[in-house]
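Student: heads up, no residue letters with this:
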């Protein structure tokens with residue numbers, strides 16, 4: 001079932017293991033100024049906290065309703081599309097785009113389904129395992145001589161880009177957005193498929209039981225680029241089920 005929320009409220013800002021509570025408050029202020037309202041926190045080091053409240057400066061309501069999760073997978077439940085933000089080029093097979101390009105894609109998806117912008121820790125950013133839960137990798141094009149961006153500043157930039165992309169899309173459309181004929185699969189559906197796929201590949205001897213994650217990481221990225229629809233996931237899981245339990249027809 002697709003969401004009926006306004007596109008701005010269909011965008012989740014997800015902060016992973018934030019160390020400084022002030023950054024959480026500043027991020028809340030940043031997203032509220034751009035009309036966004038969904039803040040998800042994954043294992044914040046210190047939260048709630050008075051410093052976060054002080055830095056929120058009028059956005060305490062977002063802190064009060066922030067969703068605190070134990071894992072990124074939990075925070076992405078219900079999301080059809082997740083964009084991971086990175087401050088550096090990664091040796092990964094993810095599609096890498098600029099902040100503006102990512103915002104355009106997020107705006108398109110958010111017209112009908114929840115999407116997420118995922119930010120890593122202040123010191124090391126997102127781990128490869130966290131990026132594997134994202135379908136797209138984005139970078140904010142900063143100056144080569146000084147590329148360091150504070151977490152809240154990065155959230156502000158992306159929130160602005162998403163807001164402008166959504167407003168531009170609305171201005172260029174004379175029709176109300178209609179639900180997609182084939183909605184994208186939500187994160188929990190995709191992750192269920194990956195677990196089913198790994199189980200099947202182990203059973204048929206394709207994966208090395210001692211280190212299945214190495215190849216599965218590459219397999220995940222193949223499917224991430226495909227951006228599977230919900231119906232496609234159901235078809236693939238049907239194939240896996242038949243592979244595990246063949247039922248030959250006469």
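Tutor: Now that the structure is in, tell me what you want to look at. These numbers come from a predicted model, not from an experiment.

Student: what's the burial count for residue 58?
Tutor: Residues contacting residue 58 under the criterion other Cβ atoms under 10 Å number 10. Yep, even glycine has a C-beta here, placed from its N, CA and C like the rest.

Student: quick one, phi psi at it?
Tutor: When read as degrees, to the nearest 10, the backbone of residue 58 gives phi 100, psi -10.

Student: the nearest residue to it once chain neighbours are set aside: how many residues sit nearby?
Tutor: Nearest residue to residue 58, sequence neighbours excluded (Cβ to Cβ, 6 or more residues apart in numbering): residue 29, at 6.7 Å. Using other Cβ under 10 Å, residue 29 has 19 other residues around it.

Student: okay, and the helix or strand of the protein with the least pLDDT?
Tutor: Ranking every helix and strand in the chain by mean pLDDT, DSSP states H and E puts helix 212-226 at the bottom, with a mean of 87.

Student: quick one: which helix or strand includes the spatially most central residue of the chain?
Tutor: In the chain, the residue lying closest to the centroid (Cα atoms, centre = their mean) is residue 82, at 2.3 Å. Using DSSP states H and E, residue 82 sits in strand 81-85.

Student: cool, and residue 45?
Tutor: Here residue 45 sits in a region with no helix or strand, counting by DSSP H and E.

Student: neighbouring contacts of the host helix or strand of the residue nearest to residue 58?
Tutor: Assessed by DSSP H and E, residue 29 sits inside helix 21-33. Here helix 21-33 makes contact (Cβ atoms under 8 Å, 6 or more residues apart in numbering) with 13, 15, 18, 37, 39, 41, 44-49, 51-60, 62-63, 66, 119, 122, 150-153, 155-156, 159.

Student: so what are the sheet partners of the helix or strand residue 13 falls within and their directions?
Tutor: In this structure, residue 13 is located in strand 11-16 according to DSSP H and E. Strand 11-16 pairs in its sheet with strand 38-42 (parallel), strand 115-119 (parallel), by DSSP bridges.

Student: just give the nearest non-adjacent residue to residue 198, would you?
Tutor: Residue 198 sits nearest to residue 216 (Cβ to Cβ, 6+ apart), 5.4 Å away.

Student: next one: residue 228
Tutor: In space, residue 228 is closest to residue 185, 5.0 Å off (Cβ to Cβ, 6+ apart).

Student: would you mark the buried spots in stretch 79-92?
Tutor: Going by neighbour count (16 or more other Cβ atoms under 10 Å), the buried part of stretch 79-92 is 79, 80, 81, 82, 83, 84, 85, 86, 87, 92.

Student: can you list those in JSON lines and add pLDDT and distance to residue 128?
Tutor: Compiled in JSON lines, the buried residues of stretch 79-92 are given as follows (pLDDT from 0 to 100; distance: Cβ to Cβ, whole Å):
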{"residue": "79", "pLDDT": "95", "distance to residue 128": "19"}
{"residue": "80", "pLDDT": "91", "distance to residue 128": "22"}
{"residue": "81", "pLDDT": "94", "distance to residue 128": "19"}
{"residue": "82", "pLDDT": "97", "distance to residue 128": "14"}
{"residue": "83", "pLDDT": "97", "distance to residue 128": "16"}
{"residue": "84", "pLDDT": "96", "distance to residue 128": "10"}
{"residue": "85", "pLDDT": "94", "distance to residue 128": "14"}
{"residue": "86", "pLDDT": "87", "distance to residue 128": "11"}
{"residue": "87", "pLDDT": "78", "distance to residue 128": "15"}
{"residue": "92", "pLDDT": "63", "distance to residue 128": "7"}
